[in-house]
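Participant: Give the three-dimensional model of this entry:
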Amino acid sequence: MDLILDTNIYRNLVRNLTDNQVFDISNKIKQKCRQDNITLLFPINSAMELISHFNDESEIEKLECRRALKLLVDLSTKHSSAHIHVDFIPPLNAILERHFFGTEDKHAKIYAKVITLAQMLVGNIEAEEQADMDKYIQTVRGQIEFEKREIRDNYEDYLKSMNNGEADWEYFKNKKQLRRDYFHKLKIGRLSFLVAQSFVDRAHNIIGHPIVKDQEYYDKVIKFMQDFCPALVMNELLLENVGHGVEAIKDVADGRWNTIIDISLIFGALYNPKNVDRRLVTEENNIHSSFDSCGFQNKILSLDQFRALMGI
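Facilitator: The predicted model follows:
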């Protein structure tokens, strides 16, 4: 079994624990994994989120994220006499590229740097000068914002297309009939179909493959919707905010855009070409609901279920 833990699971596991207690719980989990042939994968998104808080101004936040990162690295790293190895789950764009075209991810070097930085920050390998480490942490924080903004800008382009090129995040707020039509399209899946198309198009654009909207293309879209159904259901949460005219989401710093990170982890959990038993571990109710509504209940665990599985 492969397990992918989201950021808050790692934080929950170390909350209010001492360094020694984190060490103990890590050892218990690793022993159980060896016993039952369970692999905890290294989720790039979770690592990046924890790294981004490594120098947080809040001492409590900083300490918890540092311990959570230590746990993530310890549980997903295999040591040999000469090497450190992790099986990692890349972010969304890499999953799309691999899923549709089976190509090697052109951003692999970036992910390798995230893994190396995480290993440095927890002391597995020698760190660089403090100023350089701080710069790397800031770069990770900027990359997270960039990935959120990339999706946010797609939604803004959609709003512009309906409003003569102007982005109005309250466009539907006082337009009763338009809002009713919008939510009808959302209910019957038409908007999710368009979102699925945008993901397929993104995969083509990443590798420079021409987009030809023929029957084969639309077959890809439909299969994609089936394979990654929970991710599209999560996208609908953002679409609902657009339909309700929530102006706050025009700012990428708004917490609702954290859904993008959730969606990326969902893609990582569901991209499974070897068809192994792989499950996402999360406490997010919306994610559990999305898996349930798609009939994917056997691909997700709660924190309590994870604790029971590990005997902790």
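Participant: backbone phi and psi for the nearest residue to Asn298 once chain neighbours are set aside, please?
Facilitator: Computed as CB to CB, 6 or more residues apart in numbering, the closest residue to Asn298 that is not its neighbour in sequence is Arg279, at 7.7 Å. Where C-beta positions appear, they are placed from N, C-alpha and C, glycine not excepted. With angles defined as degrees, to the nearest 10, Arg279 sits at phi -140, psi 140.
Participant: those strands in this protein, which residues are they?
Facilitator: Assigned by DSSP state E, the strands in the chain fall at 2-5, 39-40, 42-43, 77-79, 84-86, 88-89, 278-281, 300-301.
Participant: Could you report the neighbour count for the residue nearest to Asn298?
Facilitator: The burial count assigned to Arg279 is 21, neighbours taken as other CB atoms under 10 Å.
Participant: Next, the contact list for it, please.
Facilitator: Residues near Arg279 by CB atoms under 8 Å, 6 or more residues apart in numbering: Met1, Asp2, Leu3, Ile4, Ala269, Asn298, Lys299, Ile300, Leu301.
Participant: Give me the buried subset of the residues you listed.
Facilitator: Asp2, Leu3, Ile4, Ala269, Lys299, Ile300, Leu301 (16 or more other CB atoms under 10 Å).
Participant: what are the bridge partners for the third one, then?
Facilitator: Assessed by DSSP bridges, Ile4 has beta-bridge partners Leu280.
Participant: check contacts around the closest residue to Tyr10 other than its chain neighbours.
Facilitator: In space, and not counting its chain neighbours, Tyr10 is closest to Ala68: 3.9 Å by CB to CB, 6+ apart. By CB under 8 Å, 6+ apart, the contact list for Ala68 reads Thr7, Tyr10, Arg11, Leu13, Val14, Leu50.
Participant: okay, those residues in a markdown table with distance to Leu41 next?
Facilitator: Below are those laid out as a markdown table (distance: CB to CB, whole Å):
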| residue | distance to Leu41 |
| --- | --- |
| Thr7 | 14 |
| Tyr10 | 13 |
| Arg11 | 18 |
| Leu13 | 16 |
| Val14 | 18 |
| Leu50 | 15 |
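Participant: Show me which of those residues is closest to Arg34.
Facilitator: Comparing the contacts of Ala68 against Arg34 with CB to CB places Leu13 closest, at 18.3 Å.
Participant: Contacts only, for that closest one.
Facilitator: Counting by CB under 8 Å, 6+ apart, Leu13 touches Ile25, Ala68, Leu71, Leu303.
Participant: One more: Phe54?
Facilitator: By CB under 8 Å, 6+ apart, the residues touching Phe54 are Lys62, Cys65, Arg66, Leu69, Leu121, Ile137.
Participant: quick one on the thing from earlier: from the contacts of Ala68, list the buried ones, please.
Facilitator: Thr7, Tyr10, Arg11, Leu13, Val14, Leu50.
Participant: Which parts of the stretch 201-312 of the chain are helices?
Facilitator: Ranges of helices within the stretch 201-312 of the chain are 215-227, 229-243, 259-270, 285-293, 303-310, based on DSSP state H, counting those that start in this stretch.
Participant: May I have the last one as PDB, with CA atoms only?
Facilitator: The C-alpha trace of helix 303-310 is given here as PDB (Å, rounded to 0.1, in the frame of the first residue of the first chain):
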ATOM      1  CA  LEU A 303      -6.400  10.700  10.500                       C
ATOM      2  CA  ASP A 304      -8.100   8.300  12.900                       C
ATOM      3  CA  GLN A 305      -8.000   5.500  10.300                       C
ATOM      4  CA  PHE A 306      -4.300   6.200   9.700                       C
ATOM      5  CA  ARG A 307      -3.600   6.100  13.400                       C
ATOM      6  CA  ALA A 308      -5.500   2.800  13.700                       C
ATOM      7  CA  LEU A 309      -3.600   1.400  10.700                       C
ATOM      8  CA  MET A 310      -0.200   2.400  12.200                       C
END
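Participant: Thanks again, I'm all set now.
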